[in-house]
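Enquirer: dropping a prediction and its sequence here:
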Amino acid sequence: MRTLIMLSVCLLIFSACDENRLYETNTDFKNRYWLAAEQPAFDFNIPDANTRYNLYFTIRNESDYPNSNIYFTYYLVDSTGTTLEKKLTNQFLFDRKTGQPFGNSGLGYVYEHRFPLLENYAFGKPGNYSMRFEQFMRTDTLRGVLSVGLRIEKQ
């Protein structure tokens with residue numbers, strides 16, 4: 001029992017040490033679907049404008065997600081409300097030919113993906129920013145999506 005507790009503490013300590021990560025948060029969808037009207041937003045602070053950053057979109061989906069891909073738009077906004085970046089993007093969650101899921105699976109039927117949005121990005125000044133995501137699929141209710149999130153790392 002004592003060995004199990006020590007092993008758990010060590011794993012927790014080592015998994016928490018991610019020196020490059022500046023920000024990482026996810027929004028969970030309680031009903032396991034992403035409505036078109038829901039636009040998860042993530043507010044974060046950039047302390048140093050001289051550092052370059054990588055911004056990633058994360059998504060967790062179930063294996064019964066009905067499509068092979070996902071279309072979404074991201075909006076990067078500064079503290080004055082000015083849109084700095086906006087882009088519609090398409091990412092594949094499953095192989096189009098075989099149907100095999102991409103991403104990492106910890107539970108067997110749930111897959112997590114991390115897609116780069118902005119790499120080596122320089123913010124103009126330190127301060128508060130916001131990133132918002134909007135799904136652009138042909139259905140208003142996108143079933144099989146458990147969560148979406150934003151991860152920011154120092155370059």
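Expert: That came in fine, so what should we check first?

Enquirer: and the next helix or strand past the least confident helix or strand in the chain by mean pLDDT?
Expert: Lowest by mean pLDDT, DSSP states H and E among the helices and strands of the chain is helix 2-16, with a mean of 47. Moving toward the C-terminus from helix 2-16, the next helix or strand (DSSP states H and E) is strand 21-28.

Enquirer: dump that following strand to CSV, restricted to CA.
Expert: Taking C-alpha atoms only, strand 21-28 is exported to CSV below (Å, rounded to 0.1, in the frame of the first residue of the first chain):
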residue,chain,number,x,y,z
ARG,A,21,3.2,25.2,-20.8
LEU,A,22,1.9,28.7,-20.1
TYR,A,23,-1.8,27.9,-20.2
GLU,A,24,-4.0,24.8,-20.7
THR,A,25,-7.8,24.6,-20.1
ASN,A,26,-10.6,22.6,-21.6
THR,A,27,-14.4,23.1,-21.7
ASP,A,28,-16.4,19.9,-21.2
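
Enquirer: just the buried residues of it, please?
Expert: Leu22, Tyr23, Asn26 (16 or more other CB atoms under 10 Å). From N, CA and C alone the C-beta is placed, and that goes for glycine too.

Enquirer: adjacent strands (with direction) for whatever helix or strand comes next after it?
Expert: Per DSSP H and E, strand 21-28 leads on to strand 33-35 as the next helix or strand towards the C-terminus. Taking DSSP bridges as the criterion, strand 33-35 sits next to strand 141-143 (antiparallel) in its sheet.

Enquirer: where does the strand it pairs with sit relative to the chain's centre, distance-wise?
Expert: Remark: strand 141-143 is offset 17 Å from the chain centroid, using CA atoms, centre = their mean, to the nearest Å.

Enquirer: give the rounded mean pLDDT of it.
Expert: The average of the pLDDT scores along strand 141-143 is 95.

Enquirer: again with stretch 55-67
Expert: 94.

Enquirer: from Phe44, how far out is the residue lying closest to Leu22 once chain neighbours are set aside?
Expert: Once flanking residues are discounted, Leu22 sits nearest to Ile152: 4.6 Å by CB to CB, 6 or more residues apart in numbering. Per CB to CB, to the nearest Å, Ile152 is found 6 Å from Phe44.
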